[in-house]
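Engineer: next come a sequence and a model predicted from it.
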Amino acid sequence: MTDRPPEERVCGRHGGAARKDSGRRSPRRAGRVPFGRMEPLAHPHSAPGPRRRARDLGIVIGHTATGPLDAITDVPGVRVGHTTVRRQPDVHSGVTAVVPDAVDPRAPLPAGVFTGNGYGKLIGTTQLTELGALETPVLLTSTLSAFRVADALVGWMLERPGCEEVQSLNPVVGECNDGFLSDIRARPVHEEHVRAALDAASGGPVAEGCVGAGTGMVALGFKAGIGTASRTPELGGRSFTVGVLVQANFGGTLRVLGRTVTPRSLGLDAGGPAPAAETGSCMIVVATDAPLDARQLTRLARRAVFALARTGAAYSHGSGDYAVAFGTRPGAGAPVADAELGPLFEAVLDGVEEAVL
């Protein structure tokens with residue numbers, strides 16, 4: 001592991017200290033964006049401070065019941081961890097880990113991936129698409145840190161019990177460009193940050209907003225970040241859980257329940273130029289305990305990207321819009337027939353819309 005300066009400390013999922021400034025400046029950093037809240041930083045256990053979620057403001061998406069936490073961790077066996085990396089004034093980045101307890105490269109989980117617009121560097125898609133199998137946790141980070149994060153994830157996985165003889169591994173790492181608010185060229189996310197996020201991953205409430213991989217995110221004209229939600233649809237008398245987590249960094253004009261919302265309409269000072277409308281990305285992770293195969297999970301991933309349109313996404317030329325969906329209980333119970341997938345599709349659509357808000 002690379003030694004870090006003594007001034008540097010890692011900010012975990014509930015806050016922490018910043019790193020010392022490197023002296024580098026981001027060439028793209030042109031100004032500020034409104035912090036009037038598009039993102040849900042409202043959970044009692046959220047970092048960096050308590051803020052209200054969409055439902056606390058009376059914004060209810062769809063009719064399907066949520067899980068107890070309204071988070072991806074409502075899916076049994078799914079944990080989330082963050083490491084936030086800050087170095088004033090120009091580094092605001094991090095890494096987020098979505099960790100299925102059952103993930104094992106020797107017995108991969110069924111999974112699917114869908115690309116809405118492929119201007120991105122989602123690592124691991126070729127094998128994931130070909131085999132429909134997830135061998136590692138799903139990590140999210142900054143664009144130029146993705147490759148270092150993937151290497152750290154491989155190292156962490158090879159140290160897991162039972163992986164002593166593993167000679168091939170497909171890390172899945174998604175990214176969004178945080179260069180508007182952070183010095184992306186500094187590539188500030190290192191191996192120790194990745195390991196901290198993986199080791200800290202836990203069930204329970206998920207920190208949202210300006211934390212982990214969401215630290216430098218901007219979407220739809222507002223400061224954005226990490227968001228999460230869940231739904232508990234019923235299929236043929238059986239109840240399942242669908243959870244989503246988004247890293248929102250995409251362009252467009254925000255819509256809330258079909259109504260256009262801009263900084264000006266809220267009386268907010270934009271504080272400076274926003275990122276170019278033709279840039280931005282969104283990474284979406286979908287988890288479910290429904291016994292779906294890889295093809296069906298790909299269909300869920302497709303709906304996750306579709307759901308961004310509800311929030312005003314532009315799907316622009318420079319946007320990397322991806323969804324990775326995985327199942328946590330392969331072969332548990334009778335398979336779900338394709339004709340019965342409707343409630344799961346609805347759960348994904350509603351969950352992603354709420355997670356973005």
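Structural biologist: Received it, and whenever you're ready, just let me know what you need.
Engineer: against Ala325, how distant is Tyr119?
Structural biologist: Using Cβ to Cβ, to the nearest Å, Tyr119 is found at 21 Å from Ala325. Every C-beta, even on glycine, is put in place using the N, C-alpha and C of the backbone.
Engineer: show the end-to-end separation of stretch 102-113, please.
Structural biologist: 19 Å (Cα to Cα, to the nearest Å).
Engineer: what lies in contact with that stretch?
Structural biologist: For stretch 102-113, the external contacting residues (Cβ atoms under 8 Å, 6 or more residues apart in numbering) are 77, 100, 122, 125, 128-129, 131-137, 157, 162-163, 166, 168-170, 292-301, 322-330.
Engineer: among those, which ones are in helices?
Structural biologist: Those of these mapping onto helices are 125, 128-129, 131, 157, 294-301, per DSSP state H.
Engineer: which one of those is nearest to Arg87?
Structural biologist: Met157 (28.0 Å; Cβ to Cβ).
Engineer: can you check the pLDDT for the closest one?
Structural biologist: Confidence at Met157, expressed as pLDDT, is 98.
Engineer: also the one 3 residues further on?
Structural biologist: The per-residue pLDDT reported for Arg160 equals 95.
Engineer: Three-state assignment for it, please.
Structural biologist: When classified by DSSP: H, G, I helix; E, B strand; the rest coil, Arg160 comes out as coil.
Engineer: next one: phi and psi at it?
Structural biologist: Note on Arg160: backbone dihedrals following degrees, to the nearest 10 are phi -70, psi 150.
Engineer: what about it, how many residues close to it?
Structural biologist: Residues lying near Arg160 (other Cβ atoms under 10 Å) number 13.
Engineer: tell me how far it lies from Ala186.
Structural biologist: Distance of Arg160 to Ala186, given as Cβ to Cβ: 30 Å.
Engineer: swap in Glu192?
Structural biologist: Separation of Glu192 from Ala186 (Cβ to Cβ) stands at 15 Å.
Engineer: okay, these two: which has more neighbours?
Structural biologist: A direct count of neighbours by other Cβ under 10 Å for Glu192 and Ala186 places Ala186 higher, at 22 against 16.
Engineer: isn't the more buried one up against Val85?
Structural biologist: No. Counting by Cβ atoms under 8 Å, Ala186 does not reach Val85; the two are 9.6 Å apart.
Engineer: which residues are common contacts for the two?
Structural biologist: Val91.
Engineer: what about the strands in the stretch 201-350 of the chain?
Structural biologist: For the stretch 201-350 of the chain, strands defined by DSSP state E, counting those that start in this stretch occupy the ranges 218-219, 222-223, 226-231, 234-235, 238-239, 242-249, 255-256, 259-260, 279-288, 318-327.
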